[in-house]
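Visitor: requesting a structural model of the entry that follows:
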Amino acid sequence: GTLQLGPSAGSNVLPATSAVSFTVSGGILDLNGNSFTATKLLAASGINATITNSGASPVTLTVTDELAGDSAATKWSGVIQDGTGGAVAVHFTTSGGGNSGFLYGINDYTGGTTFDGGITLHINSERSLGRATVPTTLTLNITGTQTGGLIADQSLSLSTNRTISIGTGTGDITISANGTNSAVFDIPQTLAMNGHRLIINGGGTVVLHGETTTNTTSVWIEGGTTLRLGATDAIATTGLLETSNGSTTSTSSAFSGNVDLYGFSQHVTSLIGGGTFPGSITNSQPGLSTLFVTAITASPSASYSGLISGNLALSLATADTSAAHTYILSNTNNSYSGGTTLTSAGLEFSTDNLLTVGSNSAFGTSTITFNGAILKLTTTNAAASDNGGSGSSRIGNPTTFNGGFDIVNAGTTFTLNTALSGSGNFTK
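Guide: Modelled structure (predicted):
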């Protein structure tokens, strides 16, 4: 049957403290030009429930009390539509934090979707957020230190007709893809983060395009999730990239995050990943990608211990002028093949051993180009060599060398089989 609100009833003609629940096939709520507020929005999967608007005025459907721990089985899986009247907008709000909202199914409203700070909104299709055949807005009304986020529980790609608006603040905003369902969440929009930190999690794959995290302080990938680039500089060039939660007590790689450059290049200011599961960075595509880390600082040291692999070049540059500070690449199984460029205004880079061209090392399998950088060798082995065995050298710019080596341990023998010309220092 149909329940129609009166044409002059005004907002909240029904008690706002009651959950709106459709449990009978064919149930329809016609807002008839009236905005409506409910504590819960319920329609189990498979139930033919509809909220519509036959009135001429645009209306807002507000849901105030979606609770933490509520499951998708008790959430909205019906249809919200404009009907024959004005546009319907949907607004999830809460006075608390850590709450979950669920918008499932194929909805047909065009008034836009808003969810406030403290809400994590689950969707399972692009049309969960309404019809986007006309321009519409998804508003993350997350301000100040509030947190919140958007979760794709199934694979989906947002329509480019959707504009995403984010409030100004410093809290964490999560973009998640459900790993249990192997979800891939593709977001082609520009995400102007307005000071918020972006956290990528959920265990699936999140694809970002364009300058998608403008003004963010950092991007943090965790929970066994992969961040895949969809374009050059798809995350903020002014923020740091972190691929782990830094835990030294975690027992599962699900705590770490992964980045797939996917054939694109990316600039970030710093690269962080440590703990038991520090995460990884790769390029799964045949074309060369370059990761530019442009403003490393360390006080007194910083490091990245995640695995770096694939057809990838690494360019490391420092903003730190202190020669007493060190940036360490510590994963000796790195197998990236595109070479490394080291640029420094003072800070030293550090590794255990250069090893040979073609062998895995902290600096991958190819050459190292020195641009004002000092490389500190900390090995306690009897020898450290730049020789590639077949005569190839780890030094990428031997005729224009600009840098040096700092051999830390007195008992280490350093063998340099390449004639260098240029400028630099050797310290032991």
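
Visitor: low pLDDT regions in the stretch 251-400 of the chain?
Guide: 251-255, 353-356, 381-392 (pLDDT under 70).

Visitor: how distant is whichever helix or strand F349 is part of from the center of its chain?
Guide: Under the criterion of DSSP states H and E, F349 resides in strand 348-351. Here strand 348-351 is found 28 Å from its chain centre; the criterion is CA atoms, centre = their mean, to the nearest Å.

Visitor: what's that strand in contact with?
Guide: Applying CB atoms under 8 Å, 6 or more residues apart in numbering, the contact partners of strand 348-351 are 301, 316, 323, 325-330, 342, 361-363, 373-378, 406. In short, each C-beta sits where N, CA and C put it, glycine included.

Visitor: I'd like to know which of those residues are buried.
Guide: Buried residues within the contacts of strand 348-351, counting neighbours by 16 or more other CB atoms under 10 Å: 316, 325-330, 342, 361-363, 373-378, 406.

Visitor: quick one, strands of the stretch 1-150 of the chain?
Guide: Using DSSP state E, counting those that start in this stretch, the strands of the stretch 1-150 of the chain run over 2-4, 20-22, 28-30, 36-38, 41-43, 50-52, 59-63, 79-80, 88-92, 99-103, 113-116, 119-123, 136-141, 148-152.

Visitor: worst mean pLDDT among these?
Guide: If you rank the strands of the stretch 1-150 of the chain by mean pLDDT, strand 20-22 sits at the bottom with a mean of 47.

Visitor: so who does the closest residue to T110 other than its chain neighbours touch?
Guide: Excluding its sequence neighbours, the residue lying closest to T110 (CB to CB, 6 or more residues apart in numbering) is A87, at 4.9 Å. When contacts are counted by CB under 8 Å, 6+ apart, A87 is found next to N53, P58, V59, Y109, T110, G111.

Visitor: out of those, what pair is the most spread apart?
Guide: V59 and T110 (11.9 Å; CB to CB).

Visitor: hang on, the earlier thing: which of the contacts of A87 has the most neighbours?
Guide: Neighbour counts for the contacts of A87, by other CB atoms under 10 Å, peak at N53, which reaches 29 neighbours.

Visitor: distance of it relative to D260?
Guide: According to CB to CB, to the nearest Å, N53 and D260 sit 43 Å apart.

Visitor: quick one, strands of the stretch 151-300 of the chain?
Guide: Ranges of strands in the stretch 151-300 of the chain, per DSSP E, counting those that start in this stretch, are 156-157, 162-166, 172-177, 184-187, 197-201, 205-208, 218-221, 226-229, 240-242, 258-260, 266-268, 270-272, 280-282, 289-296.

Visitor: can I get the ones you listed in CSV with mean neighbour count?
Guide: What follows is the strands of the stretch 151-300 of the chain, written out as CSV (neighbours: other CB atoms under 10 Å):
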stretch, mean neighbour count
strand 156-157, 16
strand 162-166, 18
strand 172-177, 23
strand 184-187, 21
strand 197-201, 24
strand 205-208, 23
strand 218-221, 25
strand 226-229, 24
strand 240-242, 24
strand 258-260, 23
strand 266-268, 21
strand 270-272, 21
strand 280-282, 24
strand 289-296, 20
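
Visitor: in TSV: the ones you listed, plus distance to I395.
Guide: Shown next, in TSV, are those (distance: least, CB to CB, whole Å):
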stretch	distance to I395
strand 156-157	45
strand 162-166	46
strand 172-177	41
strand 184-187	41
strand 197-201	37
strand 205-208	36
strand 218-221	33
strand 226-229	30
strand 240-242	28
strand 258-260	28
strand 266-268	25
strand 270-272	23
strand 280-282	24
strand 289-296	19
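
Visitor: so which of those gets nearest T143?
Guide: Of all the strands of the stretch 151-300 of the chain, it is strand 162-166 that lies closest to T143, at 9.3 Å by CB to CB.

Visitor: the closest one vs strand 148-152, what angle?
Guide: Using axes from the mean of the first three to the mean of the last three CA atoms, to 10 degrees, the direction of strand 162-166 lies 150 degrees away from that of strand 148-152.

Visitor: return the list of helices and strands in contact with strand 162-166.
Guide: Judged by 3 or more CB pairs under 8 Å, 6 or more residues apart in numbering; DSSP states H and E, strand 162-166 is in contact with strand 136-141.

Visitor: thinking again about what came up before, what's next to the next helix or strand after the strand holding F349, contact-wise?
Guide: Going down the chain from strand 348-351, the next helix or strand is strand 368-377, by DSSP H and E. With contact meaning CB under 8 Å, 6+ apart, strand 368-377 is reached by 323, 326, 339-345, 348-354, 384, 394-397, 401-408, 412, 414, 424-425, 427.

Visitor: same thing but at 6 Å, please
Guide: Under the contact criterion CB atoms under 6 Å, 6 or more residues apart in numbering, strand 368-377 has outside partners 340-344, 348-350, 384, 394, 396-397, 401-407.

Visitor: repeat for stretch 298-308
Guide: Where contact means CB under 6 Å, 6+ apart, the residues beyond stretch 298-308 that reach it are 243, 271, 273-274, 278-281, 320, 325-331, 334, 336.

Visitor: tell me the buried residues in it?
Guide: Those would be A298, A302, S303, Y304, S305, G306, L307, I308, for stretch 298-308 by 16+ other CB under 10 Å.

Visitor: thank you kindly, that will do.
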